[in-house]
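> Based on what follows, work out the 3D shape:
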Amino acid sequence: MRASMIGLSALALVASAAPALAQEETKEFTLTGSAALVSDYRFRGISQSGKRIAAQASATLTHSSGFYGSFWASSIDDYVAAGADAELDLIAGYSTTLSGLTLDGGVLYYVYPSAAKGVNTDFFELYGSVKAPVGPATLKAGFAYAPKQKALTLTGPKLDNLYLYTDASFAVPETPFAVSAHLGYSKDQSFLTGGKKYLDWNLGATYTWGAATFGVSYVDTDFPKGYIVNPASGKDMAKAGVVLSATYAF
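Modelled structure (predicted):
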């Protein structure tokens, strides 16, 4: 299995709490960043860190026009992408708000810098989402589509991959607590999905204290037991589990 994941979730929840980012503003640009530790890096419900702690970091530069560029990085287990021990996501996109709806879209390129030479591991996805407040809650729906690429198959012809998801979040008024829920569907049978269409979901809660955010989430998929196994540890990478996170914004 190979990671992807603002996951997309990197930019979305993917089984850890979304960080609240501190900002340094200039006249036209806003710079945000964060560093995090998670007890397990889950991408669309599947562990990318071998059920072990992962270190993560991100930075985003946003222009006042709505265009932005960012990176997101995480440590991963070497079974994910031909021996690689890190994932680097490079993102370019555009976001705007129209009639209360926040529209966001762009392209995300997944890079595995330390993967074995001669192995196709890097690939890109197109993504888009729409988000809106509904009473005290926020609802979001989105997609990530990876066009046909060699990296999405072990053997045979190039494959593509489509991921659909919806998120809901609620910040408890006058408290530092928030809760969230996620449901995703991987429609295609590429290397990204272990060759099987599947559902993933999670329920989470966060507590924010100054620039720090602490989170806990329950993550699961509908994969059969033992379908995706880490060859080194023998652990089931898609089995349900609790993920803890600690994020610091700067």
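> Low-confidence regions, this protein specifically.
In the predicted model, the chain carries pLDDT under 70 at residues 1-26.
> quick one: the helices in it?
Remark: no helices are assigned in the chain by DSSP state H.
> tell me the contacts of the residue at the greatest distance from the centre of the chain?
Largest separation from the mean C-alpha position in the chain: Lys27, at 30.0 Å (Cα atoms, centre = their mean). Lys27 sits next to Ser64 when contact means Cβ atoms under 8 Å, 6 or more residues apart in numbering. Heads up, the C-betas are built off the backbone N, CA and C, glycines and all.
> Kindly provide the distance from it to Ser65.
Relative to Ser65, Lys27 is positioned 12 Å away (Cβ to Cβ, to the nearest Å).
> and what of Tyr218?
Counting by Cβ to Cβ, the gap from Tyr218 to Ser65 is 39 Å.
> Please say which of the two ends up with more neighbours.
Of the pair Tyr218 and Ser65, Tyr218 is the one with more neighbours under other Cβ atoms under 10 Å, namely 14 against 9.
> phi, psi of the closest residue to Asp78 other than its chain neighbours?
Nearest non-adjacent residue to Asp78, counting by Cβ to Cβ, 6 or more residues apart in numbering: Asp85, 5.7 Å away. With angles defined as degrees, to the nearest 10, Asp85 sits at phi -110, psi 10.
> gap between Asp85 and Ala57?
From Asp85 to Ala57 the distance is 15 Å (Cβ to Cβ).
> try Gly195
If you go by Cβ to Cβ, the gap between Gly195 and Ala57 works out to 31 Å.
> Also Leu108?
Applying Cβ to Cβ, the value for Leu108 to Ala57 is 16 Å.
> higher neighbour count, those two?
Leu108 (25 against 13).
> Confirm for me that that one is in contact with Glu125.
Yes - in this structure, Leu108 is within contact of Glu125 by Cβ atoms under 8 Å, at 4.9 Å.
> Please give me every residue in contact with the closest residue to Thr221 other than its chain neighbours.
Distances taken as Cβ to Cβ, 6+ apart put Gly45 closest to Thr221, at 3.9 Å, once the chain neighbours are dropped. If you count contacts by Cβ under 8 Å, 6+ apart, Gly45 has them with Ala15, Gly184, Tyr198, Asp200, Trp201, Asn202, Val219, Asp220, Thr221, Phe223, Ala238.
> who wins for neighbours among these?
Busiest of those [other Cβ under 10 Å] is Ala15, holding 31 neighbours.
> Measure how buried the nearest residue to Tyr218 once chain neighbours are set aside is and give me the count.
In space, and not counting its chain neighbours, Tyr218 is closest to Leu203: 5.1 Å by Cβ to Cβ, 6+ apart. A count of nearby residues for Leu203, using other Cβ under 10 Å, gives 13.
> go on, Thr247?
Thr247: 24 surrounding residues under other Cβ under 10 Å.
> What of Lys239?
Neighbours of Lys239 (other Cβ under 10 Å): 19.
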